[in-house]
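A.B. asks: build me a structure from this.
(one chain, ligands or ions: 1)
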Amino acid sequence: MKSFARRTDWQLQPNELARRLSARRAAGLPLLDLTESNPTRCRLAYPEAQIRAALNSPALLRYSPDPRGLAAARQSIAASYYGAKGEEVKPEQLLLTASTSEAYAYLFRLLAEPGDELLVPRPGYPLFDFLAQICDLKPVSYALAATRGWRIERSSLLAGLGERTRAILAVSPNNPTGSFLASADRDFLLALCAERGLALIVDEVFADYSLDERIEPPCWPAEPPTLLFRLNGLSKTLGLPQLKLSWIYASGPPELLQAALGRLEIIADTFLSVNTPVQLALPRLLELRLPIQGSIRERLRSNLAKLKELAGRSGPAPWRLLPVQGGWYAVLRLPPGRDEEELVLGLLDDEGVYIYPGYFFDFSQEPLLVLSLLTPPDRFAAGLGRLTGYLRRAGL
Ligand SMILES: Cc1ncc(COP(=O)(O)O)c(C=O)c1O
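C.D. replies: Here you go, the predicted model:
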């Protein structure tokens with residue numbers, strides 16, 4: 001064995017927080033995990049019998065793949081998912097993948113040469129670094145401004161644009177800030193991408209989880225002036241990541257769009273990674289999203305209400321809840337002057353409470369903590385109680 005590729009030169013040792021977390025688990029010590037965002041571990045109500053029945057199609061013993069995804073499955077996304085939102089989408093504009101991560105990888109392969117750059121939001125989804133690196137691309141971050149409701153810091157985005165930029169990524173609502181892309185930022189991105197010949201990739205996996213009725217999620221033109229790839233999937237829309245089905249909805253100037261779809265089809269045909277049972281089940285599964293999303297939304301809302309209640313109590317909490325417009329996370333700001341790492345390690349060791357430090361998501365200001373609003377309510381309330389007590393005793 002000569003060597004491994006440099007792109008896999010990762011630090012394989014777990015960081016201190018991960019090391020102490022697994023030691024705690026191995027020792028069987030009590031743990032209040034406030035980061036759980038795997039919905040299948042959050043005690044949510046799923047229509048189990050209907051999900052099983054949907055997956056049990058008589059056709060599943062036949063294999064007749066379509067590289068873009070089975071026509072009936074794409075038809076159901078166009079009609080039942082986008083149609084319900086009043087959007088007219090043609091099944092030909094959809095391409096199924098096994099995950100949103102895979103959708104990113106296909107698009108990166110479609111759009112960029114090794115060494116090219118992608119503009120990614122900061123703070124944001126930590127996996128972008130890995131997804132870009134695995135495709136030999138360089139992620140360049142652009143800032144979202146905390147003081148302006150996480151609107152795009154245009155000077156930072158323009159400063160990050162270079163000769164080798166190939167695409168701009170946006171997440172709406174963003175993980176973990178929960179902020180929807182503002183309409184003015186959408187217009188800015190579309191115009192900039194059209195002017196510079198860049199593709200725009202918009203991750204909408206949390207789009208169905210609006211938590212502030214005053215906020216209008218951005219709508220997109222059916223024929224944008226540049227290539228626009230909107231990503232979504234069952235991992236969040238149905239809370240069923242194990243079903244492994246996501247999609248790319250591509251739009252743009254007709255000629256460019258046809259060329260992009262043709263090339264994407266070859267990439268998808270090379271892997272044929274989406275399993276047949278889930279594609280056959282998709283029309284029925286999409287109908288089940290209403291009760292599933294209902295139960296997820298109820299959890300998100302009740303945990304958010306709990307946070308607001310604690311924040312508003314007399315003897316103010318030693319943390320401040322940042323506004324949440326949507327998504328599955330909440331961000332707490334702590335009084336300045338304390339080291340984030342020290343705080344999360346102390347919370348874990350002394351209180352058995354696990355919370356993400358803000359630096360996992362590349363926030364520029366400290367100290368911040370990030371928690372999952374999907375956490376089962378009893379654990380959420382107990383964990384927050386311990387967090388507040390711990391911070392008070394620490395003099396915060
Ligand atoms: C913003 C964002 N995009 C994509 C994903 C992953 O989706 P998938 O499970 O479809 O790869 C996540 C998972 O948390 C996410 O937060």
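
A.B. asks: how near is the residue lying closest to S372 once chain neighbours are set aside to A207?
C.D. replies: The shortest distance from S372 to any non-neighbouring residue, by CB to CB, 6 or more residues apart in numbering, is to S37 (4.4 Å). Placement of C-beta: from N, CA and C, glycine included. With distances taken as CB to CB, to the nearest Å, S37 is found 16 Å from A207.

A.B. asks: repeat that for D349.
C.D. replies: D349 is 38 Å from A207, by CB to CB.

A.B. asks: swap in R196?
C.D. replies: From R196 over to A207 (counting by CB to CB), the distance is 26 Å.

A.B. asks: out of these two, which sits in the busier spot?
C.D. replies: Set R196 next to A207 and count neighbours by other CB atoms under 10 Å: A207 wins out with 22 against 12.

A.B. asks: number of residues surrounding the nearest residue to the more buried one once chain neighbours are set aside?
C.D. replies: Excluding its sequence neighbours, the residue lying closest to A207 (CB to CB, 6+ apart) is P217, at 5.8 Å. A count of nearby residues for P217, using other CB under 10 Å, gives 18.

A.B. asks: ok, D350 next?
C.D. replies: D350 has 12 nearby residues by other CB under 10 Å.

A.B. asks: would you mind measuring from the closest residue to P377 other than its chain neighbours to E88?
C.D. replies: Ranked by CB to CB, 6+ apart and with sequence neighbours excluded, the top spatial neighbour of P377 is S302, at 6.0 Å. Counting by CB to CB, the gap from S302 to E88 is 35 Å.

A.B. asks: those two: which has the busier surroundings?
C.D. replies: Comparing S302 with E88 by other CB under 10 Å, the one with more neighbours is S302, at 13 against 9.

A.B. asks: quick one: contacts of the host helix or strand of that one?
C.D. replies: Per DSSP states H and E: S302 is located in helix 289-312. With contact meaning CB atoms under 8 Å, 6 or more residues apart in numbering, helix 289-312 is reached by 39, 42, 44-47, 81, 208-209, 211, 237-240, 317, 319-321, 324, 328, 330, 332, 373-375, 377, 380-381, 384, 388.

A.B. asks: and it, what's buried?
C.D. replies: Neighbour-count burial for helix 289-312, counted by 16 or more other CB atoms under 10 Å, picks out 289, 292-293, 295-296, 299-300, 303-304, 307, 310.

A.B. asks: contact partners for K90?
C.D. replies: Taking CB under 8 Å, 6+ apart, we find K90 in contact with A78.

A.B. asks: got it, and R338?
C.D. replies: 367, 394, 396.

A.B. asks: if I pick the last one, what's in contact with it?
C.D. replies: Pointing back at L396 there. When contacts are counted by CB under 8 Å, 6+ apart, L396 touches 318, 334-335, 338.

A.B. asks: near the ligand, which residues of the stretch 151-300 of the chain?
C.D. replies: Contacts of the stretch 151-300 of the chain with the ligand, taken as CB under 6 Å from any ligand atom, map to 171, 175, 203, 205, 233, 235, 241, 246.

A.B. asks: if we use 8 Å, what do you get?
C.D. replies: Within the stretch 151-300 of the chain, the positions near the ligand by CB under 8 Å from any ligand atom are 171, 174-175, 203, 205-206, 231, 233-236, 241, 246.

A.B. asks: tell me the strands in the stretch 251-396 of the chain, going along the chain?
C.D. replies: 320-321, 329-333, 353-354, 356-357, 368-372 (DSSP state E, counting those that start in this stretch).

A.B. asks: just say helix, strand or coil for the nearest residue to F128 once chain neighbours are set aside.
C.D. replies: Sequence neighbours aside, V120 is the residue nearest to F128 in space, at 4.7 Å (criterion: CB to CB, 6+ apart). With DSSP: H, G, I helix; E, B strand; the rest coil as the basis, V120 sits in strand.

A.B. asks: up against the ligand, what does the stretch 1-150 of the chain have?
C.D. replies: So the stretch 1-150 of the chain meets the ligand at 37, 99-104, 124-125, 127 (CB under 8 Å from any ligand atom).

A.B. asks: out of those, which are inside strands?
C.D. replies: Among those, no member is found in strands (DSSP state E).

A.B. asks: where exactly do the helices run in this protein?
C.D. replies: Using DSSP state H, the helices of the chain run over residues 16-26, 48-55, 71-76, 100-111, 127-134, 154-160, 183-196, 234-237, 254-271, 276-287, 289-312, 340-346, 377-393.

A.B. asks: most tightly packed of those?
C.D. replies: Of all the helices of the chain, helix 234-237 carries the top mean neighbour count, a mean of 24, counting by mean count of other CB atoms under 10 Å.

A.B. asks: now find how far off-centre it is within its chain.
C.D. replies: Offset of helix 234-237 from its chain centre (CA atoms, centre = their mean, to the nearest Å): 10 Å.

A.B. asks: what does stretch 226-233 give?
C.D. replies: On CA atoms, centre = their mean, the centre of stretch 226-233 falls 14 Å from that of its chain.

A.B. asks: and L119, how far is that from the ligand?
C.D. replies: 15 Å (CB to the nearest ligand atom, to the nearest Å).

A.B. asks: so what's the residue lying closest to that residue once chain neighbours are set aside up against?
C.D. replies: Nearest residue to L119, sequence neighbours excluded (CB to CB, 6+ apart): I168, at 4.5 Å. When contacts are counted by CB under 8 Å, 6+ apart, I168 touches 118-119, 142, 157, 189, 192-193, 198-201.

A.B. asks: beta partners of I168?
C.D. replies: Following DSSP bridges, I168 is listed with bridge partners L119, L200.

A.B. asks: list the contacts for the closest residue to the ligand within the stretch 201-350 of the chain?
C.D. replies: Closest contact between the stretch 201-350 of the chain and the ligand, by CB to the nearest ligand atom, is at S235 (3.4 Å). With contact set as CB under 8 Å, 6+ apart, S235 has these partners: 99-100, 205, 241, 246.

A.B. asks: having no further points to raise, I will conclude here.
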